[in-house]
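K.L.:
below is the structure, and that's it, no one-letter string:
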């Protein structure tokens, strides 16, 4: 017998977990499938910007995220070669938001929080170790085939593919994923090292064409250090190159400990569409970007925030044209804003060889401006959003 669900969500990363939670909160029968035996804990995104906190609060997870994470109220840009530095405060945002801070927390912790909330709901089911191998249309629904050690088949009214840049859901539908892959590799490293003693704040972009990196505090003595290197270097010797890269930054000689390190390639790609019949794509399954500035996860969360109420309405009988509008708008925002912004940010941190241009950029950020101009600059990323969901407490 084939199990039937209102929605099957494929992929239990942050986008999939939040999508499943939001739909289950709206009373729908939701099945969340994850190919891995447990949610990934490898270093990935860690910054949740002030402007996404409202959406996380609407899903009922912000209190837990805030409690386990670290609030950050300023970020720094530094030119490695000259020492020029700008410290940019989020304080001007107090006039437009009650939360003028970003929260730092590993995305695996955010997934854990979302799943803790999800499994409390009687109409939600989570299956780990359930790799989806095929998705196909059926009469008034979608059939999802699961392989692995415990093969199964599920039927859903709708499917949301949130299974990452290598999406099986997207491939099953024949949706293209055009774009490019960067020549270099990023290494996301969780490290115990006193970066604060080296003069860094809770979030710092160090700009240099050879040793550029992003350093952000995760906890009291734990930091995320993301650096780039040529993709031709052997992956298995990443850890051996770490001491030299620390030394090249001019930091003090101090004991350090690698907690985790994840080397990965970076992409600028987008699906040709985010809807195919009753299947929707979200997050990296729909669009992938290099992570400089955190625009990948931010874009994925905005996909979720904008999707929940329209999909809820369609499940209750509304015209599904609203999902065409959602898909077109989310894809437009990625291609016109998120991808270009992330590309420009990567170039500035890791690739720019014009030292004077970097110095001008940093010094420009130190010039005093009126609060309205400061707010405009700090709000630049809000162009990525296209809607917030109703609050979970208002859904009864």
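P.N.:
Sure, I can see it. Because the structure is a prediction, the values reported are computed rather than measured.
K.L.:
pLDDT at residue 317, what is it?
P.N.:
Predicted confidence (pLDDT) for residue 317: 96.
K.L.:
stretch 211-228: which residues count as buried?
P.N.:
The neighbour-count check on stretch 211-228 (16 or more other Cβ atoms under 10 Å) flags 211-218, 222-228 as buried. Quick note: C-beta positions are derived from backbone N, CA and C, even for glycine.
K.L.:
for that stretch, which outside residues touch it?
P.N.:
With Cβ atoms under 8 Å, 6 or more residues apart in numbering as the test, stretch 211-228 has contacts from 43, 46-47, 70, 72, 80, 104-106, 184-196, 200, 202-206, 245, 248-249, 259, 291-292, 349-351.
K.L.:
got a PyMOL select line for the buried ones in the residues you listed?
P.N.:
The PyMOL command for the buried members of these (criterion: 16+ other Cβ under 10 Å) is given here:
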select buried, resi 43+46+47+70+72+80+104+105+106+184+185+186+187+188+189+190+191+193+195+200+202+203+204+205+206+245+249+291+292+349+350+351
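K.L.:
next step: the buried residues of stretch 211-228 restricted to strands.
P.N.:
Using DSSP state E, the members of these that fall in strands are 213, 214, 215, 216, 217, 222, 223, 224, 225, 226, 227, 228.
K.L.:
can you list the weak-confidence ranges in the chain?
P.N.:
For the chain, applying pLDDT under 70 flags the ranges 1-2, 43, 396.
K.L.:
in three-state terms, label the residue most central in space within it for me.
P.N.:
Compute the mean C-alpha point of the chain, and by Cα atoms, centre = their mean the closest residue is residue 297, 1.5 Å away. Under DSSP: H, G, I helix; E, B strand; the rest coil, the three-state class of residue 297 is helix.
K.L.:
quick check: closest non-adjacent residue to it.
P.N.:
Leaving out its chain neighbours, the residue that sits closest to residue 297 by Cβ to Cβ, 6 or more residues apart in numbering is residue 45, at 3.9 Å.
K.L.:
ok, residue 266 touching residue 295?
P.N.:
No - contact between residue 266 and residue 295 fails when scored by Cβ atoms under 8 Å: they sit 12.0 Å apart.
K.L.:
what residues are shared contacts of those two?
P.N.:
Listed as contacting both residue 266 and residue 295 by Cβ under 8 Å, 6+ apart are residue 289.
K.L.:
could I get the ones in strands among the buried residues of stretch 211-228 as CSV with distance to residue 85?
P.N.:
Shown next, in CSV, are those (distance: Cβ to Cβ, whole Å):
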residue, distance to residue 85
213, 14
214, 14
215, 13
216, 16
217, 17
222, 23
223, 18
224, 19
225, 17
226, 19
227, 18
228, 20
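K.L.:
and residue 244, how many residues sit next to it?
P.N.:
For residue 244, the count of nearby residues is 9 (other Cβ atoms under 10 Å).
K.L.:
how close does residue 318 get to residue 281?
P.N.:
20 Å (Cβ to Cβ, to the nearest Å).
K.L.:
which of these two has more neighbours?
P.N.:
For the pair residue 318 and residue 281, the greater number of neighbours falls to residue 281 (29 against 13), based on other Cβ under 10 Å.
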